[in-house]
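Chemist: Dropping the sequence and predicted coords here.
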Amino acid sequence: MQLNIKALALASGIVIGAFTFMIAHVAVVTGVGLAFVNLVGPLHPGYSPTWFGACIMTFWMVIYGLVGGAAFAYIYNYFAKGEKTA
C-alpha cells in the first residue's frame, strides 16, 4: 500500500497547525501552556506571546507539518514498494 504524499502532508500541516493555534491562544488568554509557548518561541522568527504571535507560530507549524508529513510518506513509500501482497 502506498501513501498519498500530498494528502498526508496537507493533513499533517492542518492538524499540527490547528493544535498549535489552540495552544497558543489558550496561553495568551489564560496563561496555561505558556511554558510550552515560551520554550518553542525563540526558535521561530517573528513569534511573541500575543494574538499576532499565535498566528505567526501557526504558520511555522503548518510548514513543519507539511514538510514532516511529506517526508514521512515519501520514506514509507520508499520502503513499502518492495512489499508483496497476499
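Modeler: It's in. Residues are numbered from 1 along each chain as shown.
Chemist: By mean pLDDT, flag the weakest helix or strand of the chain.
Modeler: Sorting the helices and strands of the chain by mean pLDDT, DSSP states H and E puts helix 34-40 at the bottom, at a mean of 78.
Chemist: Next secondary structure after that helix?
Modeler: Downstream of helix 34-40, the first helix or strand assigned by DSSP states H and E is helix 51-80.
Chemist: burial of Leu8, as a residue count?
Modeler: 21 (other C-beta atoms under 10 Å). Bear in mind the C-beta positions are built from the backbone N, C-alpha and C, glycine included.
Chemist: now swap in the one 5 residues further on and tell me
Modeler: Burial of Gly13, expressed as a neighbour count using other C-beta under 10 Å, amounts to 20.
Chemist: and the helix or strand hosting it, which residues are buried?
Modeler: Assessed by DSSP H and E, Gly13 sits inside helix 5-30. For helix 5-30, a neighbour-count test (16 or more other C-beta atoms under 10 Å) marks 5, 8-10, 12-13, 16-17, 20-21, 23-24, 27-28 as buried.
Chemist: So Trp51 is in contact with Val28, correct?
Modeler: Yes. Using C-beta atoms under 8 Å, Trp51 is in contact with Val28, at 6.1 Å.
Chemist: about what we covered before: report the distance from the helix holding Gly13 to the chain centre.
Modeler: Put simply, helix 5-30 sits 6 Å off its chain's centre (C-alpha atoms, centre = their mean, to the nearest Å).
Chemist: same question, stretch 60-71
Modeler: That offset, for stretch 60-71, works out to 5 Å (C-alpha atoms, centre = their mean).
Chemist: How much space separates Ala73 from Met22?
Modeler: According to C-beta to C-beta, to the nearest Å, Ala73 and Met22 sit 25 Å apart.
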